[in-house]
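> prediction below, plus the sequence it came from.
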Amino acid sequence: MTDIFGIALLDYLHGNYSEDIKTYSSLLEEDVIPLPYLFRDFEEMPSLEQKALELAHGEVLDIGCGSGSHSLYLQNNGIKVAALDSSKGAIEVCKRRGIQHTICDSIQNHTKTGYDTLLLLMNGIGLAGNLKNLEGFLLHLKTLLKPNGQILLDSSDIIYMYEEDDDGGFWVPGEKDYYGEVTFYLEYKNQKSEPFEWLYVDFETLKGYCENVKLKCELVISGEHYDYLAKLSVKT
């Protein structure tokens, strides 16, 4: 699979910024991910991310770290953090930015245990792919935690992106089991990724799946556009 993110992040790091990553999805024809946004510092981050970083403590695993902006902030504030991403280019960028502990792997393959905090920011729960995989994904994350550990994640309720009926309901295409399941592919400098599945999950649905795997699910704060930050912890 073409490492679209890695190629783009390395270009930006090396001063070769000429275009952004284009995204195509089953919901929108085209959108972009601005590369400068992926290198933002704490002051430029949304309040949900700032709050998550303030709550992170102990030994932290930054899942889907991208360019490493969250890891870099934590490291600079004396917190032990490992930056994990399946993109080789992203991990190379993290190393060049000075992040001391990096892991090039998918979270599904990662088995080191004993973390105090797992971070899944920028809708990192999307790595579950779809709703039927969510329970197993949460169970795997749970195995990585210390007994009193926490998972901090943000996501969005994207029901607003669907057409509303006259009676106040929403029309959702029948080919998906859940309206938050989206198929994406990326394009950068005429290179395209393979299509991949990505999950956006509303808070009440997330809470229900957490109950199934005996995780406590708390709403920390709500964002300005149907998004939220949740804290998951092991029920005792």
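Here it is on my side, so go on. Numbering: from 1, shown residues only.

> tell me what the lengthiest helix in the chain is packed against?
Assignment by DSSP state H gives helix 131-143 as the longest helix of the chain. Applying 3 or more CB pairs under 8 Å, 6 or more residues apart in numbering; DSSP states H and E, we find helix 131-143 packed against strand 196-199, helix 203-212, strand 227-234. From N, CA and C alone the C-beta is placed, and that goes for glycine too.

> that one vs helix 203-212, what angle?
Using axes from the mean of the first three to the mean of the last three CA atoms, to 10 degrees, one finds that helix 131-143 and helix 203-212 are set 60 degrees apart in direction.

> begin at 224 from now on, thanks
Will do, 224 is the new start, and the previous item becomes helix 354-366.

> identify each buried residue in whichever strand in the chain runs longest, please.
Across the chain, the longest stretch assigned as strand under DSSP state E is strand 368-379. Buried residues in strand 368-379, counted by 16 or more other CB atoms under 10 Å: 368, 372-379.

> against which helices or strands is that strand packed?
Going by 3+ CB pairs under 8 Å, 6+ apart, strand 368-379 lies up against helix 270-278, strand 338-343, strand 450-457.

> ranking the ones you listed by burial, who's on top?
Highest mean neighbour count among those (mean count of other CB atoms under 10 Å): strand 338-343, with a mean of 24.

> can you give the strand pairings for that one, parallel or anti for each?
strand 283-286 (parallel), strand 368-379 (parallel) (DSSP bridges).

> mind checking what helix or strand follows the shortest one in sequence?
Stepping forward along the backbone from strand 283-286, the first helix or strand reached (DSSP states H and E) is helix 292-299.

> let me see the mean pLDDT of that next one.
For helix 292-299, mean pLDDT is 98.

> residue 311 versus residue 233, what's the distance?
10 Å (CB to CB, to the nearest Å).

> neighbour count: the two, which is higher?
Using other CB atoms under 10 Å as the criterion, residue 233 and residue 311 rank with residue 233 on top: 19 against 14.

> what's the closest non-adjacent residue to the more buried one?
Distance criterion CB to CB, 6 or more residues apart in numbering; nearest residue to residue 233, sequence neighbours excluded, is residue 312 at 5.0 Å.

> C-alpha coordinates for whatever helix or strand that neighbour lives in, PDB please?
Assigned by DSSP H and E, residue 312 falls within helix 311-319. Output of helix 311-319 as PDB, limited to C-alpha atoms (Å, rounded to 0.1, in the frame of the first residue of the first chain):
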ATOM      1  CA  LYS A 311       7.200   4.300   7.800                       C
ATOM      2  CA  GLY A 312       7.400   7.900   6.600                       C
ATOM      3  CA  ALA A 313       5.500   9.200   9.600                       C
ATOM      4  CA  ILE A 314       7.800   7.400  12.000                       C
ATOM      5  CA  GLU A 315      10.800   8.800  10.100                       C
ATOM      6  CA  VAL A 316       9.400  12.300  10.500                       C
ATOM      7  CA  CYS A 317       8.800  11.600  14.300                       C
ATOM      8  CA  LYS A 318      12.400  10.600  14.700                       C
ATOM      9  CA  ARG A 319      13.700  13.600  12.800                       C
END
